[in-house]
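[1] Structure for the following, please:
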Amino acid sequence: MKALVLEKVGQLSIRDFPISEHLGQYDVRIALTTVGVCGSDVHYYEFGRIGQFVVREPMILGHEAAGYIVEVGSEVNNLKVGDRVCMEPGIPDPNSRATRLGIYNLDPSVRL
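    Have a look, this model is predicted:
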């Protein structure tokens with residue numbers, strides 16, 4: 001897989017990265033066709049940090065993506081190989097007030 005890598009502040013490269021993660025039973029593998037550059041990517045490029053997260057080693061940029069499914073886990077029943085999808089990188093806390101209100105992206109406990 002080719003990836004846009006922030007090597008250090010102000011320096012980008014495009015490199016090949018092998019995919020070595022094991023596909024879990026509830027996971028899907030997506031062949032990316034489009035990736036957006038958002039404000040956080042630009043901020044990492046310009047300043048090398050956002051809040052307490054500091055980029056200390058090369059980091060792949062781009063987390064707003066779309067593509068198609070190339071592999072599904074054994075327990076995935078609502079998606080199939082070939083389905084076109086977009087990624088939502090946020091992992092909400094299902095018990096948080098913000099998630100229950102439908103605005104999990106504003107919850108400070110959301111993980112990416």
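[2] Summarise which helices and strands the helix or strand harbouring residue 69 is packed against.
    Using DSSP states H and E, the element containing residue 69 is strand 64-72. Judged by 3 or more CB pairs under 8 Å, 6 or more residues apart in numbering; DSSP states H and E, strand 64-72 is in contact with strand 28-36, strand 84-86. Glycine gets a C-beta too; all of them are placed from N, C-alpha and C.
[3] what angle sits between the longest one and strand 64-72?
    In this structure, strand 28-36 runs at an angle of 160 degrees to strand 64-72, with axes from the mean of the first three to the mean of the last three CA atoms, to 10 degrees as the basis.
[4] how about strand 28-36 as PDB, C-alpha atoms only?
    The C-alpha trace of strand 28-36 is given here as PDB (Å, rounded to 0.1, in the frame of the first residue of the first chain):
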ATOM      1  CA  VAL A  28     -13.100  -5.600   7.100                       C
ATOM      2  CA  ARG A  29     -10.200  -4.800   4.900                       C
ATOM      3  CA  ILE A  30     -10.700  -1.800   2.600                       C
ATOM      4  CA  ALA A  31      -8.800  -1.100  -0.600                       C
ATOM      5  CA  LEU A  32      -8.600   2.700  -0.500                       C
ATOM      6  CA  THR A  33      -9.300   4.700  -3.600                       C
ATOM      7  CA  THR A  34      -9.600   8.200  -2.200                       C
ATOM      8  CA  VAL A  35      -8.200   9.800   0.900                       C
ATOM      9  CA  GLY A  36      -8.900  13.400   2.000                       C
END
